[in-house]
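A.B. asks: Quick one: sequence plus predicted model below, questions after.
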Amino acid sequence: MGKTNDNLIVDGKRLDGRAFYEMRPITMRINAVENADGSAQVAFGNTEAIVAVYGPRKLFPRFLQENDRGIMRYRYNMAPFSCTDRIRPGNSRRGIEISKTSRLAFEPAAFLDDFPTTVVDVFTEILQADGSTRVTGINAASMAMAVAGVPMRDLVAACSVGKIQGQLIVDLNGIEDNNSEADVAVAMMPTKDRLTLLQMDGVLTKDELFTLLDKARENCMRIYDMQKAAIKNSFKQNPDAEAAVEADKGEMQ
Amino acid sequence: MMRRPIRRGGFRGRDMGGDRMGGRDRFENERPREEHDEHSEQPASDGGEAAELHEHAHRSIVIPGEYIDDKKGRKLGDDVYEEGEKVFAKVMGIPVANENEIKIIPMSGVYIPNISDNVIGVITEVGISGWTVDINSPYIAFMPVADGVDEFVDTNRTDISRFFDVGDALSCKISKVTKNKTTRVSMRAMGARKLLGGSLMKVKPVKIPRIIGKGGSMINMIKQRTGCVIYVGKNGVIWLRGDNKAEAIEAILTIERESHTSGLTDKISRMLEGLPGAVQPAAPTAQATAPVEAVPEPVVQDEEAEGEEHVERPKPGWEPENFPQR
Amino acid sequence: MKTYAYDLLINDKRIDGRAMEEYRKIGIKRGIIHNAEGSAVCTIGSTKIIAGVKMETGTPFADTPDEGNLVVNAEFTPMSSPDFEAGPPGEDATELARIVDRGIRESETVDFKKLCIKPGEKVWMMNVDLHIINHDGNLIDCAFLAAMSALADTKIPKLQDEKTIMRGVYESKLELRHNPAEVTVCKVAEKFVLDPDKEEEEALEAKLTIAVREDDTICALQKQGSKDVSMDDIKHMVEIAIAKTKELRKLLK
């Protein structure tokens, strides 16, 4: 999965058979960690993230508390077995940076002013890494926060876009990520059409970047629809509930 | 969800049994049966919310950021926000938009104290001029001596733990909440009391209206069928005492789990059929609010009860640490 | 501490109605982490642990030049319980890892000589990483099942030119010579109980973890908890364990 000299594009398709602007198969579900206030598990192909949100809750030590607002803490961590080579447990500089930018992806969305002196803790574990782990984590975190009842202006949806061998693509997998000419991570508040995270490595012309941003926006909207459906569908457990609720009303009064 | 209260030295090992308490829980047997008519502390709006949840459950759940309606001059609830004329959801829940207001009935979320809420708290610290009370919230509450005790107390001379000690459970009222959520509770309220014996449990605070039911119908049914004394706090904490406690606990947990399903009232009714010690309902039309018993003074009884147990919801993080040992 | 759980247990009752020696529902799924050489998730009730096996090459220890080695690591992730904080493994995580390690090692389940690539120079080093996803009691038993299932799922990668590990291409399956199972027997007052959930764990006074091989030999023992026990208690707990491991072993087939 590291660097390779092989062709990443064969017969007009990517190595895993996808079209250039095609995302991998995506699965999403909520309530993956029972102890958490909210949790979700999201997979894009073989990249899998699980997120637990605790909070708002008390924040210690006290000097960290903000009098007029709550704070968010975001911890991005890769499980040791998530990559081809084992990752030594503990903080890495990469993990620290991703934790920070991911947290900032949510700050415009969360109504932290509603919870002075408290903390919302977001724990993101990458169980399997095959490219685009941070955006997968953000997508899961967004759902987990909604399920936990943390007030937000909007969900946050995220995706990766980039360029391999001169060709613009979306949703980079591991081998593409490691061999790309450019790779861009984007997160946004979908219904507000506002960007909250943007990171890029590589080389792009202005036109390429603008095209990619449009593609990112399109895909974030698709991802948002999936997040919304995943959350709502998990409450539709009893299909008869809707009809029967009307009947039950009689007993209430 | 709350972290375990920080342990300070000496609390864990504190012996609350034998010497001070002198014997088993006398109150379990001594309280007269009429106690069962005591109304659990429930905020007036509760039943209403439960009914609303049902009326509107057929509408889809909304997620944060979803548009509900245009404001049209109406009042906005806590869990919605506006941008221009448009009103959006802040949290996941059922939207309500009628002539008067636009709001969300949330499906999850921690308990944030509101003035006048009736809650159940547990003493975590005894200070000089008051007590620190865990109210199952990210915000801890304080109860000044004057709000806990009716008599005059010279705090220079008195160790106020003789009134309330660490681990005591109380039914009390939120008396003040500041802008940054510094919170006070008070025993100066109808039905406020120290809760002796029995067990505590926690449920999601957003489920409390459903557990109470419209006008108290659900909780009253549980009380009648199980013969238990039950106090329900708006903060998601419930105190129960009685022989059929386990059945009452199971019924409450079922409501919490299945709050959106149909036929829940029937199901609970069936679950609680034929228990020994059931109390006959007051009237054939088991109507709305049961009479609130005027509880004499919001002051602590003499320190004779002990043998308090507590049950926790199988969720971590909160243990009233020092329930007296049996 | 005298709690509701305690009152039930001393009367042979449990919060969820189980018998004293009854385990909650156990679920095991193997091969869930595609980047790991072996993996499994184990759930006991709502306790959920993922075990991933990663194999790297390295130099053998001086005193065992023709043997590979095995290291077990556990992470009590902050997502799995509001009581856990991010950071290096504390005493509980370290103890759990070492108990699981002993059960595997002392039972001679893995033939370390078969993990030798070139004596004195290069051997396989196996890392078994336990990642706690949700903590609802009985972490050790769940971790052991996860670890053993992951080992049963493990394949040894091919080596190119005796140097480069060809990830995803396998030489052979890891051979397991034995089938140890492990049970933690808990004591409260005069009662013995198995598989406590998180609430019941608070009521316990002492625990004994016992690893038993398929021929009923005992290969690891660890007493935990702050109360003392009698010799008869120990004997009784060992009997319980030997009987129970027979049942658990069937899950590892």
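C.D. replies: That came in fine, so what should we check first? Numbering: from 1, shown residues only, chains lettered A, B, ... in the order given.

A.B. asks: Can you pull out the low-pLDDT segments for the chain?
C.D. replies: Unless you meant another one, I'm taking chain A. Counting by pLDDT under 70, chain A shows low-confidence ranges at A:1, A:237-253.

A.B. asks: looking at chain C here, not the other one
C.D. replies: By pLDDT under 70, the weakly predicted segments of chain C are C:1-2.

A.B. asks: so how many other residues sit close to the residue of the stretch 151-300 of chain B found nearest chain A?
C.D. replies: Closest approach between the stretch 151-300 of chain B and chain A, counting by CB to the nearest CB: B:S262, at 2.9 Å. Quick note: C-beta positions are derived from backbone N, CA and C, even for glycine. Counted by other CB atoms under 10 Å in any protein chain shown, the residues lying close to B:S262 total 20.

A.B. asks: Now do the SS call for it.
C.D. replies: When classified by DSSP: H, G, I helix; E, B strand; the rest coil, B:S262 comes out as coil.

A.B. asks: Which residues of chain C lie near chain B?
C.D. replies: By CB under 8 Å from any CB of the partner chain, the residues of chain C that approach chain B are C:1-7, C:15, C:81-83, C:135-136, C:197-199, C:202.

A.B. asks: Please read off the pLDDT at the residue in the stretch 51-200 of chain B that chain C sits nearest to from the model.
C.D. replies: Closest residue of the stretch 51-200 of chain B to chain C, CB to the nearest CB: B:S199 (5.3 Å). Looking at B:S199, its pLDDT is 88.

A.B. asks: My guess is it contacts B:G242. True?
C.D. replies: No - taking CB atoms under 8 Å as the definition, B:S199 is not a contact partner of B:G242, at 9.8 Å.

A.B. asks: neighbour-wise, which of these two wins?
C.D. replies: B:S199 (25 against 22).

A.B. asks: separation between the more buried one and C:L151?
C.D. replies: 43 Å (CB to CB, to the nearest Å).

A.B. asks: Run a quick neighbour tally on C:T64.
C.D. replies: For C:T64, the neighbour count with other CB under 10 Å is 13.

A.B. asks: what do you get for C:D66?
C.D. replies: If we define neighbours as other CB under 10 Å, then C:D66 has 14 of them.

A.B. asks: what about A:N67, neighbour count?
C.D. replies: Number of residues near A:N67 (other CB under 10 Å) recorded here: 8.

A.B. asks: Now go through the residues of chain C next to chain B and say which are in helices.
C.D. replies: Within those, residues falling in helices by DSSP state H are C:Y4, C:A5, C:Y6, C:D7, C:K198, C:E199.

A.B. asks: quick check, nearest of those residues to chain A?
C.D. replies: When those are compared for distance to chain A (CB to the nearest CB), C:K198 wins out at 8.3 Å.

A.B. asks: Which residue, other than its chain neighbours, is closest to the closest one?
C.D. replies: Distances taken as CB to CB, 6 or more residues apart in numbering or on different chains place C:G137 nearest to C:K198, at 4.3 Å, with adjacent residues excluded.

A.B. asks: Is it correct that that neighbour is in contact with C:K48?
C.D. replies: No - the pair C:G137 / C:K48 is not scored as a contact, 11.7 Å apart, by CB under 8 Å.

A.B. asks: ok and the residue in chain A nearest chain C?
C.D. replies: Nearest residue of chain A to chain C, counting by CB to the nearest CB: A:F81, 2.5 Å away.

A.B. asks: Would you mind measuring from the nearest residue to that residue once chain neighbours are set aside to C:L8?
C.D. replies: Spatial nearest neighbour of A:F81, excluding adjacent residues (CB to CB, 6+ apart): C:G52 at 2.5 Å. Remark: distance between C:G52 and C:L8 (CB to CB) = 37 Å.

A.B. asks: Kindly report the same for C:T164.
C.D. replies: Per CB to CB, C:T164 is found 57 Å from C:L8.

A.B. asks: The closest residue to A:P190 other than its chain neighbours: which element?
C.D. replies: Distances taken as CB to CB, 6+ apart put A:Y224 closest to A:P190, at 3.8 Å, once the chain neighbours are dropped. Assigned by DSSP states H and E, A:Y224 belongs to helix A:206-233.

A.B. asks: what does A:A146 give?
C.D. replies: Counting by DSSP H and E, the element that carries A:A146 is helix A:133-148.

A.B. asks: what about the helix or strand that that helix is followed by, near chain B?
C.D. replies: Next helix or strand after helix A:133-148 toward the C-terminus (DSSP H and E): strand A:157-164. No - Strand A:157-164 is not in contact with chain B by CB under 8 Å from any CB; minimum separation 10.6 Å.

A.B. asks: Who does strand A:157-164 pair with, and is each partner parallel or antiparallel?
C.D. replies: Its sheet considered, strand A:157-164 pairs with strand A:167-170 (antiparallel), strand A:182-189 (antiparallel) by DSSP bridges.

A.B. asks: For B:R74, which of these is the nearest?
C.D. replies: With CB to CB as the measure, strand A:182-189 is the member of the strands paired with strand A:157-164 nearest B:R74 (25.0 Å).

A.B. asks: Distance from the closest one to the middle of the chain?
C.D. replies: Computed by CA atoms, centre = their mean, to the nearest Å, the separation of strand A:182-189 from the middle of its chain amounts to 11 Å.

A.B. asks: again with stretch A:189-209
C.D. replies: On CA atoms, centre = their mean, the centre of stretch A:189-209 falls 15 Å from the chain's centre.

A.B. asks: Buried residues, it. List them.
C.D. replies: A:M189, A:P190, A:T191, A:L195, A:T196, A:L197, A:Q199, A:L204, A:E208, A:L209 (16 or more other CB atoms under 10 Å in any protein chain shown).

A.B. asks: ends of that stretch, how far apart?
C.D. replies: 20 Å (CA to CA, to the nearest Å).

A.B. asks: ditto for stretch A:177-191
C.D. replies: Start-to-end, stretch A:177-191 (CA to CA) is 28 Å.

A.B. asks: Touching, C:I50 and C:I133? I think so.
C.D. replies: Yes - under the criterion of CB under 8 Å, C:I50 makes contact with C:I133 at 6.1 Å.

A.B. asks: Quick check: neighbours shared by the two?
C.D. replies: Residues touching both C:I50 and C:I133 (CB atoms under 8 Å, 6 or more residues apart in numbering or on different chains) are C:V41.
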